[in-house]
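J.: Attaching a predicted model along with its sequence, questions to come.
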Amino acid sequence: MAKPVLLVEDELFVALDVQMTVEDAGLSVDGPYSSLAEALDAMERQPPGFYLCAILDVRLRDGEVFPAADRLAKAGVPIIFHSGHADRQGLEDRYPGALVCAKPCAPRMLRARLDDVIQATG
Amino acid sequence: MLELTDFAQPRGLRRPIDDFFQSLAVDRQADAACVILSGTGADGTTGLRAVKENGGVCVVQQPDTARYDGMPLSAVGTGLVDYVRPPGEIIACLSSFFARRAGDPLESEATVVADHVDDLCRVLRQAVGHDFSGYKRSTLIRRVERRMHVLGIDSGRGYLARIRSDADECEALFRDLLINVTRFFRDAALFELLRAEAIAPLLAGRDPGEDVRVWIPGCSSGEEAYTIAMLFAEAAREAGEPAAVQIFATDIDEQMLAIAREGTYPVAALADIPAALRERYTVPHGERFTMTTAIRDLIRFSNHSLVKDPPFSRVDLVSCRNLLIYFDDRLQQTVLPLLHYAIRPGGFLFLGPSESVGRFEHLFPAIDRHARLFTRSPGAPAYPIDLPGGLRQAAPRRDRAGRDGAGTLAEDQAAMRRLVDRYAPPSMVLDQDGAILAAHGRLSRYFDFPVSRTGGSSAITLARPGLRDVIGPLLRQARDGRRQVVARDVEVANEFGIQPVEVVCDPLGDGTLLFVFRDAGPFRPADDPDAVDLAEGDDHLEALEDELRLTRHRLRSAVEELETANEELKSSNEEMMSMNEELQSTNEELSTVNDELKTKVDQLTVANADLRNFFESTDLAVVVVDADLRIRNYTAAATTIFPLQPVDRGRPLTDVASGLDDADYVADARAVAAGAPATQRRVTSRDGARTFALRTLPYRLQNGRIDGATLVLTDITDALALERQLADERERLGLAIRAGGIGVWEYCPDTGETVLDGAEQALFGVEGVPGMAIDGLMARIDPEDRPRVEDALRIAERGEADFEASFRVLTPTGDTRWIKGFGRTIAGASPRRMVGVSIDVTPEYAVAETRELMLREMNHRVKNLFAIIGGMVSTAARSHDDVRTFADDMRERIAALGRAHALASPTGEQQAIALADLVAATIAPYRDHAGIVVAGPDVRIDRSCLSSLALMLHEWATNSVKYGALAEGSEGRLDVTWRRDGDGVVLDWVERGGVGGAASDDDRAGDVRGFGTLLVDTSARQLGATVTRAADEGRFTLALRLPGSVLAHG
């Protein structure tokens, strides 16, 4: 069984859409988690490197996603930021190798990013 | 080195030029040159002499070119001036003189001159009557050379030619030759010796009835004469006797005699006189002093030539110092016997240190050889037969003989002379009056030479008794008869006996008579004492002769006295002349003073005119009053305040009406006139329209005394108005600045100092520090902004642009304050200064920040909506088959979202939306479908929950339209109510009497193929809400429980 994709998104309609897109790509989704606390809690239960990759919204209702992103980056999990107010440059500087999809994002684009990750992890 | 001293003398006695020339002469000797220009009086004349004595040169401005010719004329009068020139030529004249002197080879010159000295002397003697041939050659040559330098003549022959044709030059040479130097007490020790050895004994041993007679030949300017006079006076004073002394001081230079008679000398000469004498016998007049009258009266100055004129006789002391050195040996040998003749036996001769009596030691045995003090040997005077005056004839003859080169003739003469002297009988040549013209052979047996020169020249007087009676008759007979007359058996008596002689009188062709004495028998010695009786036993003729001789003697005395009186008259005349000169110089000074006064009057006239013009033209109202407050003067402007008329001058100020509203000015004027300091007050005109500044000043006279007061009124109405206007302006400006919270600052770039007003201090948070250094202020500025501010300041300092900068200031309280500053360098200020203002723009910055934040928020919301819509589309697409339905549904949902969002404030500030509004907006399209009741407390929900809640309600509403109470044609009703429940809210959605009765929830759900449910569930999850559905008996109930987090707080 392939590794799941961690989905953190506080807007559930968007999360549904993304989840469908991920599942259409033949991958499973862990989440969606709509808050940082839930996301951190979920990651706590899993060993590092459990996730194939992570699709993260930046601004959550209880704060920004960066503590989770830091932990993922440390574990070498590829990250795809999916944000409406993304400071693309700031994110890329902070997490080298991370991909950024500005919200609203065309499903095709997200799919292409996922494919890139899958390709990269082989 | 020139040292200046202040004048000590009163005006009119100052002689600065004399003093300067004397100092110059001593310092520069022969290199001195003096120039006398225009001026009154006789200043410079004495100094000129000093310059000349030391061998310097003298130039005088041509008197007719001088404005005041007193000084030039006086200088020219000395005859010592080398050049008289117009002012413009003086410099050139001096340069050429010194150039000539520097260029001359002196040795060759000397020989050139020496060849012509004799000729020069001869010419001089003919011109001025004095013979310098007996003067020392070296001195003569040196002085002649100087004249040649002056004239620019370089050959002796040329000078000789000049002197022959130019009487003035003769005079000039004469003066130059006579210049000599003399001083008071020259060789003081020697004079002391003179006093002890000669003066004291003379006074002690004098005949009570007679004065001591002193002769000072060559007295020059009189110092020596006064010296000796003082010594005599002092000796007499010590002995307690009157100064019975008569001093004859003689010279041939009348100019020098004039100085001597005046008896006035520069004060520098005082040093030569011993202090005791100085105090007693001199009267100082500042820079000069005069001898006292007592001393002056002891001396008689007269023009007399030692060489040419008959000597004085029966003199007790001759002081002849530094005169013989100018004479050559031959002349000295002639003069000494003359002096021997003049001095009575036992008298004294006092010579200069470098002079001696030569081979006449037997005439003058030395008392003190070192001091050159001699006494006259006793015995009868060796009568100076070869009178120096005889040279007058002899010299040319001798010269002529020399020039002819006839040696034989000279030898013949010698032989003839020898023959006459030794082998011929004694003889003499007399003129027709019996005066001896020539004498040959041993005549002493027949003649007795008495003491006086006048008597001595007459053969009759000189003849010894016996012969005396004969000569007169013989002379007369031979003269009248013009033939030879012989007197036989003449017995000549002398002290020792009687000699019988034969006297032949032979008239010569030129009117003179030759007397020849032949001894007619042997000499009979008178060895018996009765010889006296014999001599006395004279006949009547002898008695007559005696009487005649007595008479002559008296006559001689009378003549002498007359001469003396004449001298005195001359002296008086001299004094009168000098007095005249003084008067003249006083007159000149008066004319100078007059000129000065004229100039002053002119200046005063101008000053007066200036003052009058000032009074007439000035706009200042000035009133001048005297000590009694009477009006002295006023300006035209003053008449606008005081109605003054010209006749009011002299009226008391109090009597004059004034246009002022009070009369304090009178009190002021009175106080100031009484000596109070100047006052100032403000007065207004009676009508109050004008205001004046009244200054009351003391009126001071030339001597500083206060004599009245000056009232100056200045109209300051306009100035006051302007001042008020300025004050208003300033107040308005200040108000504006305060109202605007504008801080004003001033900055001096050179010192880094600043001046801050209160507002500025507050802006920077440095209250109470009005002058903080710029560095301190900079430290307050946010480090990010600091370089920018500093740059702007630097540019403004250079005046390139005005200062303008916005920056953040960190206040001590930790706030950040936005400040905008403007400033400008003041043009031309020194030191450079910049003035500007600062404004607090923090609120403006806050608004801008908020707006930016809002824009970001709106952007986010829009993007979020797009994302939601995108998600809905994707999700819905999976559960719809029919595109039209899908599109319609989506269209409705988006419209619902739009309506819901319209509730949210566009400014974004309102974060809360009333639940009632949301419900109303959601079901608004179906309002007419059924009876709808919306009720509940005022509950506001958070804006972030808006979309989810709106979608939920929309879904319920559309379901109701399709299946429930809101369906078309149904008569159902919908109740939407809510209530608070704990911290949350419970909303009840109740439908009644829908289409076909109460449709089950499942039906509905089936109809939407799950998407509507998914939508509602997802929304509920999103909100953290729970939904409970219930359907029974035509009633469809939905209960939505919203948690507290959905509600808006605050």
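T.: Looks like it came in fine.

J.: Surely B:Asp775 is in contact with B:Gly752?
T.: Yes. Here B:Asp775 reaches B:Gly752: they are 6.6 Å apart, a contact under Cβ atoms under 8 Å. Glycine gets a C-beta too; all of them are placed from N, C-alpha and C.

J.: what's the first-to-last distance across stretch B:825-838?
T.: Across stretch B:825-838, the terminal residues are separated by 15 Å (Cα to Cα, to the nearest Å).

J.: Correction: the previous question concerned stretch B:869-889.
T.: 12 Å.

J.: can you give me phi and psi for B:Arg206?
T.: Per-residue torsions, B:Arg206: phi -70, psi 160 (degrees, to the nearest 10).

J.: need the contact list for it.
T.: Applying Cβ atoms under 8 Å, 6 or more residues apart in numbering or on different chains, we find B:Arg206 in contact with B:212, B:244, B:316.

J.: Mind putting these into TSV with distance to B:Thr264 and pLDDT?
T.: Output for the contacts of B:Arg206, formatted as TSV (distance: Cβ to Cβ, whole Å; pLDDT from 0 to 100):
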residue	distance to B:Thr264	pLDDT
B:Val212	26	89
B:Ala244	26	86
B:Asp316	28	90
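
J.: Which parts of the stretch 151-300 of chain B are strands?
T.: In the stretch 151-300 of chain B, strands defined by DSSP state E, counting those that start in this stretch lie at B:212-217, B:245-251, B:264-266, B:282-285, B:288-291, B:299-303, listed in chain order.

J.: Need phi/psi at B:Arg861.
T.: When read as degrees, to the nearest 10, the backbone of B:Arg861 gives phi -60, psi -40.

J.: okay, now it: neighbour count?
T.: Neighbouring residues of B:Arg861 were enumerated by other Cβ atoms under 10 Å in any protein chain shown; the total is 18.

J.: which parts of chain A sit against chain B?
T.: Contact residues, chain A versus chain B (Cβ under 8 Å from any Cβ of the partner chain): A:11-18, A:20-21, A:34, A:59, A:61, A:84-85, A:102-105, A:107.

J.: Can you list which of those are found in helices?
T.: A:12-18, A:20-21, A:107 (DSSP state H).

J.: looking at this, B:Val766 is in a helix?
T.: No. Counting by DSSP: H, G, I helix; E, B strand; the rest coil, B:Val766 is located in no helix; its state is coil.

J.: where's it relative to B:Phe822, distance?
T.: As judged by Cβ to Cβ, to the nearest Å, B:Val766 and B:Phe822 stand 20 Å apart.

J.: With B:Gly1044 instead?
T.: Distance from B:Gly1044 to B:Phe822, by Cβ to Cβ: 53 Å.

J.: quick one: B:Val318 is in a strand?
T.: Yes. Under three-state DSSP, B:Val318 sits within a strand.

J.: which non-adjacent residue is nearest B:Ala957?
T.: B:Ile923 (5.2 Å; Cβ to Cβ, 6 or more residues apart in numbering or on different chains).

J.: helix or strand for that neighbour, which one?
T.: Using DSSP states H and E, B:Ile923 sits in helix B:915-923.

J.: now the most centrally placed residue in chain A: how far from chain B?
T.: The centroid of chain A falls nearest to A:Ile55 when counting by Cα atoms, centre = their mean (1.2 Å). Here the criterion is Cβ to the nearest Cβ, to the nearest Å. By it, A:Ile55 lies 13 Å from chain B.

J.: partners of the nearest residue to that residue once chain neighbours are set aside in the sheet?
T.: Ranked by Cβ to Cβ, 6+ apart and with sequence neighbours excluded, the top spatial neighbour of A:Ile55 is A:Ile80, at 4.8 Å. Beta-bridge pairing for A:Ile80 (DSSP bridges): A:Ile55, A:Leu99.

J.: burial of A:Ile80, as a residue count?
T.: A total of 21 residues lie near A:Ile80 under the criterion other Cβ under 10 Å.

J.: Was I right to think it contacts A:Ala102?
T.: No. With contact defined as Cβ under 8 Å, A:Ile80 does not count as touching A:Ala102 (11.5 Å).

J.: So for B:Ala380, what's the pLDDT?
T.: What the model reports as pLDDT for B:Ala380 is 65.

J.: And for residue 102, the neighbour number?
T.: No chain in the question, so chain A it is. Using other Cβ under 10 Å, A:Ala102 has 14 other residues around it.

J.: Can you look at chain B instead?
T.: When counting by other Cβ under 10 Å, one arrives at 7 neighbours for B:Ala102.

J.: wait, is it part of a helix?
T.: Yes. Under three-state DSSP, B:Ala102 falls within a helix.
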